[in-house]
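# Sequence plus the predicted model coming up.
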Amino acid sequence: MKIDGDYFEPLSSRSHHAQMSVRNSGIRIVFEDGRRTGILDVDHIQGNRDVNFIDGAYFRSNEILPSEFIRRFQNSMQRKISWLEKFSFSRMVVLLLLLVAAVILFRLAFESIESVAVSVFPRDWEERVGHRTYEKFKLLSFSDSELSAEIQNDMRASAYRMIEAAGLSRQPKIYFHSSGLLGPNAVAFPGGPIVVTDELVELLANPDEVLSVIAHELAHIELRHSLRGVIEVVGFSILAVLLFGADEGVIEEMAAIAAGVITLEGRRNYEKEADLAAIEYLSSIDRDPRHMLNVITKLSAYFCAAAEGDLIMDCESDGLDWFSTHPTNADRIAYLEEAIRSQ
Ligand SMILES: [Zn+2]
């Protein structure tokens, strides 16, 4: 089959009179001067005169294309469409896999950026964030301590001895406050300070047990748990903070996030990490790490009694750092006992 018309070069308005020669092997274009193209693949037929080739060239027939021609190449086009559909399905699978890989890579990248950001985050900025967060809490939940200066100082002295013996890199301030809102509790702010409530000191009625709680809070600071939490929330913008510095506005925003992070309980393995580090710190000054178990038992009994009449689970979901649902008190006692046994 030979069809006369004009051949338009790909991406060009140049055209040549030519003849389209259709054979079983495919389509060739034969020019007036005898030159000829290789076998061309039909992309689609437009209207009933234009044959578009895959390479972008097209041929405009002088006459309406023979129906035999259209049938043949429409069929091939339909075959191509179904092939394309199959192809795009596999392409979709490939794209989906790429997307999953990208998400995983993104997470891995962020996790490593997060750890790097935590390790290079300047300590004085962390302490500013911590101090600002403390100020916020103080305004809302802390009043002056009613404990004697002697009791406070004795507990601080043992805490600082423990900091030294355990070789901790931070020496945060330790404050005592009365707090009706928090009840018997203790909180570690990013980089310090640590706040221990009068209510906790009174409930435990044992300096070594209070020291156990302080050991746990010291571990949160040493391991930069709150800072990690803040950086997790801030995400990649932490890079901007690290590059351009933390002005008062940034410190303020991070303090607001830190307040939220501190209030969130049982983040990841932070509690377990802090518990396990605490028994090491206690052992470093020859205090019995089993004091930790007494603390958990006493606080658990206290919060359960306070939640009397509520659902049983509620007695474990009260409070800030000390008494969260994750890990449960039973879990804590179990892993602590195991760690103490293997010490
Ligand atoms: Zn904790």
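In hand now; what should we look at?
# what residues does stretch 98-118 touch?
With CB atoms under 8 Å, 6 or more residues apart in numbering as the test, stretch 98-118 has contacts from 224, 227, 228, 231, 232, 235, 236, 238, 239, 242. For glycine as for every other residue, the C-beta is placed from the backbone atoms N, C-alpha and C.
# Same question for that stretch: list its buried residues.
For stretch 98-118, burial by neighbour count (16 or more other CB atoms under 10 Å) applies to 110, 113, 114, 117, 118.
# thinking again about what came up before, hmm, which of the contacts of stretch 98-118 are the buried ones?
Using 16+ other CB under 10 Å, the buried members of the contacts of stretch 98-118 are 224, 227, 228, 231, 232, 238, 242.
# what's the closest of those to residue 90?
residue 232 (37.1 Å; CB to CB).
# Now that closest one. Its backbone dihedrals?
The phi/psi pair for residue 232 (degrees, to the nearest 10) reads phi -60, psi -40.
# The buried ones among the contacts of stretch 98-118 in strands, which ones?
Using DSSP state E, no member of these sits in strands.
# Make JSON lines from those residues and add distance to residue 297 and pLDDT to it.
Formatted as JSON lines, the buried ones among the contacts of stretch 98-118 follow (distance: CB to CB, whole Å; pLDDT from 0 to 100):
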{"residue": "224", "distance to residue 297": "29", "pLDDT": "93"}
{"residue": "227", "distance to residue 297": "31", "pLDDT": "90"}
{"residue": "228", "distance to residue 297": "29", "pLDDT": "88"}
{"residue": "231", "distance to residue 297": "34", "pLDDT": "87"}
{"residue": "232", "distance to residue 297": "32", "pLDDT": "83"}
{"residue": "238", "distance to residue 297": "39", "pLDDT": "84"}
{"residue": "242", "distance to residue 297": "43", "pLDDT": "85"}
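# Buried residues of the host helix or strand of residue 299, list them for me.
Here residue 299 sits within helix 291-306, counting by DSSP states H and E. Buried residues in helix 291-306, defined by neighbour count with 16+ other CB under 10 Å: 291, 292, 293, 295, 296, 298, 299, 300, 302, 303, 304.
# quick check, distance from that helix to the centre of its chain.
The chain centre lies 33 Å from the centre of helix 291-306; the measure is CA atoms, centre = their mean, to the nearest Å.
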